[in-house]
Structure formats: C-alpha cells, structure tokens
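Student: Fold the following and give me the result.
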Amino acid sequence: MAEPIELTLLSKSRLDPRLHNGLVTYNPSIELFAGAAGSKTLHIWRSNGQVVTKNSQRGERDSVEALRWKSDGQFLAVGWSDGVVRLMGLETNKAVHQMPICEPDKSRITCIGWGRNNARKHTNSTSASSSTPQGDLVSHDLFRSGSKAIVDLPRELTFLEIETALPKLGPLPASGGSGDDSFVFTTRASLEFLFQPFAPHDSDKVDVMIVGTNDGQIHVSIYDSFVIGTFRYALPQAPGSNIELQLCHHASHPNLSTHMLMFKLSGDAKPATIYLVPMDLTFIHSSPENLSLLASKTTTLQKLLRYIKQVQMHMVHEWQSVQELPTRFLNSMNETLRESGRYGDMTIGQAMYHSVVTGHTFPEVHEWLVDQLAERGHKRWDKAVVSGLQALRGLIHENFLPALERIGIILSRLLGIARFHESKTETGFTSAQITRVMDIVSCLMLVGNKILLVVMEELELFQAFSVWLRHEIDRLASPSTTDELSEREATMEHGKILDYIQNHMLVSPLRHHLRGIPADDLETGRQQAEGGGSLLELLNKQTKKQEAGQPDEGVFSQVEFLCGYLRGKADAIFEGIAEAEKRSVRFGQPTALRLKTTINKFDVTMSSQSRSDASRAVTYTALTTEMKGHTVCVFRTTMDVLNGISGSVTSKVSCMVLGDGSVLDLKFLHGDSLLVLWAPKDQPLRIIRIPHKTDDMLYRPYNSGDDMDPHVLTNEQVTSLFPNMIVPCEPNFVPVEMEVKQASSERGKIPPRVCLLGSDLQTYKVFALPHGACDEVVKSQSETAQ
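Tutor: Next up, the predicted model:
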C-alpha cells in the first residue's frame, strides 16, 4: 500500500475583493501571483500578501478576461474586454507590449496559451554551441592541439550582439509622452528589461503565444510580441453550415512544432463535446536559424520604433515649452505697439534690435520691461527657454541618436539576411525595402544632428540675450547709471544678442524640424518620397533652401514626417515577414471527444516520441463530467509529424471510477503524471497521482461517440494503487480550482506546487509537492482487475 504523504502549506492568502471568474495564476519561476480582483482590476501580489501592482484599463471600464504567465515567468499575458492582450513585464508594473486581438463589440478573448519550442536543427557534428561572449572569441583557442573546433563560429557570429558595445538608452521623462507607451520607457529598470541582450542559447528556443476568441479566431505571435497573424478555424462541415468554435485550451511540447488546440462550441459554458485540432507551425521546423535571428532583431526593432515615437513626442513637447511663454510675452507687447499707432508695423523684435544698436528704448518698451516683465518675468523667461533647450539637447544626445544607431545596426543585419536569401518568398522582405528604411534612418540621423547644433547655438545666443535683457531691466529701473551696470554693459556680446533677436527669438530655425504638419502636407510628402530617388537627396535640397533663407514648406526635414514614414516602411517589412510565416501555418485533422454528459474539468498535455523517419506526437486529454463526478477519462491521441506536418490521428481511451470520492479538478504534471484532486466521503482531501503514460492504464480504441466502460475502483484500491497525498485544510475549505507548477531554480529553489482556490473565490492556498512523491513506483493497474 502506498502510504499517503501530507502536503506542506507554503502560503495562504485572503483575497479581497473576490476573484472574477476564478482568474488566478502562479508565476512558474518566483513566488508571485496574479489574479482578477473583481472584474475590472488586475492584482499582482507576493506570497506574504503584499500587493506589487494594481492595474486597470480606461478608468476601470474594461474587465479581465484571461491570464497566463509565460513559461519562464518573464511576462504575464492579460486579456482585457477591450480586445487587447497586454504583456506585463516581470521587472516592471507596466504593460510593455500591447496586441490588439479582436473588436470588443464583436468578440471577446477566451483563452491565452504559451508554448516553447526547440527550433535548432542539431547535427552529428562534434562542434557545439558554446555561447562564448564577444570578448572571448578573439582570444579563444579554437584549435587546441589539432583537435576539432569546439566553437560553432558561424553561429556565434550570427548571434553576436554588437549593440551591447553601444551606450545604454536613457529613460524618458515621466511627462510629455502620449499613448499606451507614455510610461513604458520612463525608468532604467524598464529599459533594461525591454532591451536586454539576446542570449545565444535563446536562439534554440521559440516562445509561441496563442490567443483564442469566442468566434473561432486564433491569434499567433512568437518571441513575446512578433505577430504572425490571426486565423479563423471552423470545423469541416457540409456547405452552408456555420458552427462557431472558441479556443478553451492549448498544449505543446518543446520538441514538436505542432501544437494542440482544444475547442468547444462558442457560448457553450458546459460542453459535452470538445474538439482537438493540431496546428502545424512548420516555419519553426523549416528555418530555425533565420527565425531566431529575424524574430529577435525585428522585435527589438519594433521596440526601438516605439521608443523613437515617444522621444519624438517629448522633443516636440520641449520645443513647444520653449516657445510658449516667450511667444505670449512678445505677442502682448506687439499688441501694445500696434495699439499705440506711433510705430507703424514695427514689432517688439525690431524695437529690441533698435535698443541694442542705439541704446535708446521706446517708451512702450520701457514701460513693458520695467513694470510688466521686470525681474520675475525675466526669470520665468530664462528658465522656460534654458530648461527646455537643455532638455531637448538631452533628448537628442541621450535618446534619439543612440536609438537610431541601434536601428541602423539591426537594419544592416536584416539587409545581410535579405541579400543572402535573395527571394522574398522565404524571408518576406527584400534588400530594396531594407535599403529604403536605412535611407530614412540616415535622414533622421542628419536631422537629429542638425537639431543638436541649432539647439546648442540657440542656447548660447539666448544666454547672451538673457544677460542683456536683465541688464536693460535693471538699467531702465535705476534712476542713474552705476559702475556695476557700466561694467556689465562692457561685457555684453552684442553680435550674439542681435543674432538671437533677428534669427531665433521670433522665428526659431527649429521650426524646420519640430513644427506641426497638416495631414495634407504629410500625404503630399509621402507621395513625393514614393516618386523614386533617394530621400536623403530630397532632404539635402530642402536643407539648402532653408540655409539660403528661401521660403520652403517641404516636410522632409520634419521629424514628425520622417518618423511616421519610417514606421510605415518598417511595418510593411514586419507584415511581409509575418505573411511569409503565416503561409506555413496549417490546421490538421480534428478529433471530437463526445461524452454523454457535460464536461466539468479538463486538462491537456503533449509528449513526443522520436522515430527514424518522423516524430510521433501523443496528446493526453483528461476530463471529468458533472453527472459522473467520480469518473476520470483519459484520451490518448496519437499522430505522426513529418517535416513539421501532422498526419492521421488515432485515439484511445481509459476510464476509471475513483471510489465514492468526487473529482474536484485534475491537472498534468511533468508530462508523466496526472494529479487528481479527490474528495472521498468522510476522509481528508487528497491528491492522487495517476501514471497516465503506462500500459497499465489499459487504453482501448476510441471513435467519437463510443460508450466507455470504466474500471471501477473502491476507495481502498485508489489509495493503495496510486501514490496519494493528503491536503491539510479546514473542513469548510472546498477547492474549486487547482493549478500545478513544476519545480523551479531560476531564482532560488522552489519545489513543485499545487495551488488551490476555495469556493468563496477568496481563499487561496499553495502547497509544496514532495520531490519524491512524483517518483514513486506505481503498482500495476492490472492488480485492479484482479
């Protein structure tokens, strides 16, 4: 008889408010939990109950629909009722990626799944990938004593991260941005998390996220945020019939590029039939190296473009703050001069120029400087301009140009890929497309450096003007000229003062790069840019006209136009790559699992069996029904996968009645164990481990709709045949949901865990599974028959 083991309680939480739809999940790698606290708010908390973050959308108008941690625990995918999946970074409480999935008034998100595939084709070569750092490649002894190389040099060069040698990107100010990304890039921790270097060993892995909706849509993305596309799956039916399905579960295996999707009829809360549909991601099988390099570079490029967009908004904001207060002062004085009627069309700029040259000040200007502007107004003017120009200089130097340098490096890698493959069909983009984007980046680099030069010049000239302006205020307010005023006047740089008044004060040269552009002008500029020729040449022509003082309304020197044009061309490349991969996605033969009564709980897992000619994918589906709450059915679905494409499916089933105990939930663990949360009458709550892979399960052939004759066990047989663990809990604690997590050592050793949510949707307990409990030898199922 297998002696029961009592589980150890790791943590207990009392959640307030109640969890919405029982949505709660435990991070696989650290002690961090996420749940829908009420329908409108996402809570993330630690095992001691401390809330790490609270998150809601649109003023708590949207509700949480689905939750799922990534397999390494780095991201939490949250599906909201506005049809958007937001990825919460582990190192930040902000949504670092946002992916629109569906229109909220037409469908809703029902399921999120993560999977990790091994992508690299391993050969029999004695070479091994060493993940050698860049600095070690030069001094590494590649050929020791005539032995073969231990470094896969082409592979190491492929994934060599040059960007790590560049200065780090600077965080953006907390105010001045706009949109969903306005706070994503505002902390150093957030930037380091988003732009962490791509590790060579990660090139062997492809993280796949599957999102399903209640109208049969399947959204596929890889590497966190690189979108492959959206597919609508429907069952093969007679012409004219229309049966909508919704995704309710997803399973995968690292060694299989075929994933298993579980569907039910849309809107069917408690189905009696579920459908297993293999989804073949053949692009993972066919081009692993290209996929790793493409996805890592394009996802980084996408993040850099988002970063550039926010930098552009901050640049415009700072320039507007430089212009706003002085413009208000000057416009007020211009109005006073016009109302006097004594000076014709003279402006305050001309009046100041007159004062600098002649030393004479007009009475209206005298009154304005002494009585209205005065010392306080001058300080405000000086602070607004100096702080704004310094902030603009910092944005260009620390954010804008460094990001463009990184984009240039990524584009050079993509250009190499495009030239190597030549055909667009394989990669989804051409070298001409990359060259065009590089042309736009060159223009932005040129414009960025021009802005930097103008800002530094304007800052220097303004400082000279500010000294003169303060001197004028003091001189005009003083009844007589003092020695101090005379000494200050002698140090004035009148050339710089006149230059600022004439060329910067009223109309800054920065307007050529940072002013707002009407939509019609943007469209005209795009059409001109698409007319052929180099965009850099068009920019140079416009710049020469600006330097010559000729009137020019072109948009090629405007940061807003260039950034928008860059995003448009980059998006075309992203769409091409996604379309090339999307063509490699196919759905295989569906398998219907039909039961006589409604299904209560279910879980799915996949395993892989290697063969000489193909891989064999085996899917195990465990479920229990409402009418027969003592019964557990395990379906084994087998198919061959050749070159990433799944073949015909065969199904078998094993069914057993677990005494008089109720099956509250069931989950797979380690791929070889089915844990059943079992509540026998007048006995403690237990977790039963069923070895679902063994031949002792006595699987029988199954065709959809077949009757299933269960193996009937008594309570004593259940506890003697299967390893079982007692769950210590109060008599009034009745679990309604179970989640199982494997052991983790990424951030300290964490044992395998069982997480139970009580029927009140507020009590949440986490128990440690003993390591030995899952390794015990299970007695043969054949003894049951005896």
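
Student: Can you pull the poorly scored residue ranges out of the stretch 651-786 of the chain?
Tutor: For the stretch 651-786 of the chain, the stretches flagged by pLDDT under 70 are 771-786.

Student: Okay, strands next: where are they in it?
Tutor: Listed in chain order, the strands of the stretch 651-786 of the chain (DSSP state E, counting those that start in this stretch) span 662-669, 673-679, 686-690, 700-701, 711-713, 724-726, 735-741, 753-758, 763-768.

Student: closest one to Ile396 among the ones you listed?
Tutor: With Cβ to Cβ as the measure, strand 735-741 is the member of the strands of the stretch 651-786 of the chain nearest Ile396 (46.8 Å). From N, CA and C alone the C-beta is placed, and that goes for glycine too.

Student: And the strands of the stretch 651-786 of the chain: which comes nearest Ser355?
Tutor: strand 763-768 (74.5 Å).

Student: and the closest one, what other elements does it pack with?
Tutor: Using 3 or more Cβ pairs under 8 Å, 6 or more residues apart in numbering; DSSP states H and E, the elements in contact with strand 763-768 are strand 8-14, strand 753-758.

Student: The shortest one: partners in the sheet, and parallel or antiparallel?
Tutor: Right, the one you point to is strand 753-758. Strand 753-758 has the following strand partners under DSSP bridges: strand 735-741 (antiparallel), strand 763-768 (antiparallel).

Student: Just the buried residues of stretch 693-700, please?
Tutor: 693, 696-699 (16 or more other Cβ atoms under 10 Å).

Student: ditto for stretch 634-648
Tutor: Buried residues in stretch 634-648, defined by neighbour count with 16+ other Cβ under 10 Å: 634-637, 639-641, 644-647.

Student: Can you pick out the most distant pair from the buried residues of stretch 693-700?
Tutor: So, the buried residues of stretch 693-700 by Cβ to Cβ: farthest apart are Lys693 and Leu698, at 12.8 Å.

Student: Could you say which helix or strand holds the closest residue to Met346 other than its chain neighbours?
Tutor: Leaving aside its chain neighbours, Met346 sits nearest to Leu337 (6.0 Å; criterion: Cβ to Cβ, 6 or more residues apart in numbering). Using DSSP states H and E, Leu337 sits within helix 288-340.

Student: Among the buried residues of stretch 693-700, pick out the one closest to Leu172, please.
Tutor: Of those, the one sitting nearest to Leu172 (Cβ to Cβ) turns out to be Lys693, at 52.1 Å.

Student: where does Lys29 fall, phi/psi-wise?
Tutor: Quick fix: residue 29 is Ser, not Lys. Main-chain dihedrals, Ser29, degrees, to the nearest 10: phi -110, psi -20.

Student: Pull the contacting residues for the residue nearest to it when sequence neighbours are not counted.
Tutor: In space, and not counting its chain neighbours, Ser29 is closest to Gly73: 3.5 Å by Cβ to Cβ, 6+ apart. Contacts for Gly73 (Cβ atoms under 8 Å, 6 or more residues apart in numbering) come out as 27-30, 32, 90, 744, 746.

Student: who's the residue nearest the centre of the chain bridged to?
Tutor: In the chain, the centroid-proximal residue (Cα atoms, centre = their mean) is His97; its distance is 2.9 Å. Judged by DSSP bridges, the bridge partners of His97 are Leu87.

Student: surely Gln528 meets Leu538?
Tutor: Yes: using Cβ atoms under 8 Å as the test, Gln528 is close enough to Leu538 to be in contact (7.0 Å).

Student: Give me the more crowded residue out of the two.
Tutor: Neighbours of Gln528 and Leu538, each counted by other Cβ atoms under 10 Å, are more numerous for Leu538; the result is 20 against 15.

Student: Using a markdown table, lay out the buried residues of stretch 693-700 together with distance to Ile308.
Tutor: As requested, the buried residues of stretch 693-700 are exported to a markdown table (distance: Cβ to Cβ, whole Å):
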| residue | distance to Ile308 |
| --- | --- |
| Lys693 | 51 |
| Asp696 | 61 |
| Met697 | 57 |
| Leu698 | 62 |
| Tyr699 | 57 |
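
Student: which among those gets closest to Ser266?
Tutor: So of these, ranked by how close each gets to Ser266 (Cβ to Cβ), first place is Tyr699, at 30.8 Å.

Student: Could you verify my assumption that the closest one touches Val653?
Tutor: Yes: contact criterion Cβ under 8 Å: Tyr699 and Val653 qualify, at 6.5 Å.

Student: shared neighbours, the two?
Tutor: 634, 636.

Student: circling back: any chance of the strands paired with strand 753-758 in JSON lines, plus distance to Tyr233 and mean neighbour count?
Tutor: Listed next are those as JSON lines, based on distance: least, Cβ to Cβ, whole Å; neighbours: other Cβ atoms under 10 Å:
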{"stretch": "strand 735-741", "distance to Tyr233": "27", "mean neighbour count": "19"}
{"stretch": "strand 763-768", "distance to Tyr233": "34", "mean neighbour count": "20"}
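
Student: which ones are touching Arg406?
Tutor: By Cβ under 8 Å, 6+ apart, the contact set of Arg406 is 163, 166, 169, 300, 304.

Student: Show me which of those residues are buried.
Tutor: Burial by neighbour count, 16+ other Cβ under 10 Å: within these this picks out 163, 169, 300, 304.

Student: quick one: contacts for the first one?
Tutor: If a contact means Cβ under 8 Å, 6+ apart, then Glu163 has 197, 300, 406, 409-410 as its contacts.

Student: Identify, from the residues you listed, the entry nearest to Phe263.
Tutor: For these, the nearest to Phe263 is Thr300 (34.4 Å; Cβ to Cβ).

Student: ok, now how distant is that closest one from Met456?
Tutor: To Met456, Thr300 is 31 Å away according to Cβ to Cβ, to the nearest Å.

Student: again with Val653
Tutor: Relative to Met456, and taking Cβ to Cβ, Val653 is found at 76 Å.

Student: Between those two, which has more neighbouring residues?
Tutor: Neighbour count, other Cβ under 10 Å: between Val653 and Met456, Val653 has more, with 22 against 14.

Student: Disregarding residues adjacent in the polypeptide, which is nearest to that one?
Tutor: Tyr702 (4.1 Å).

Student: what number of residues lie near that neighbour?
Tutor: 21.

Student: ok so, going back, unless I'm mixing things up, the residue nearest to Met346 is touching Asp345, no?
Tutor: No: the criterion here is Cβ under 8 Å, and Leu337 misses it with Asp345 at 9.1 Å.

Student: between those two, which one's more packed in?
Tutor: Taking other Cβ under 10 Å, Leu337 and Asp345 do not tie; Leu337 has more neighbours (21 against 7).

Student: Can you pull the poorly scored residue ranges out of the protein?
Tutor: 1-3, 58-60, 120-159, 200-201, 238-242, 287-290, 424, 771-786.

Student: Name the helix or strand for Ala622, please.
Tutor: In the assignment (DSSP H and E), Ala622 maps to strand 615-625.

Student: neighbouring strands for that strand, and are they parallel or not?
Tutor: strand 599-610 (antiparallel), strand 631-642 (antiparallel).

Student: residue with max distance from the center of this structure?
Tutor: Ser480 (66.9 Å).

Student: In a helix, that one, correct?
Tutor: No: assigned with DSSP: H, G, I helix; E, B strand; the rest coil, Ser480 falls outside any helix and is coil.
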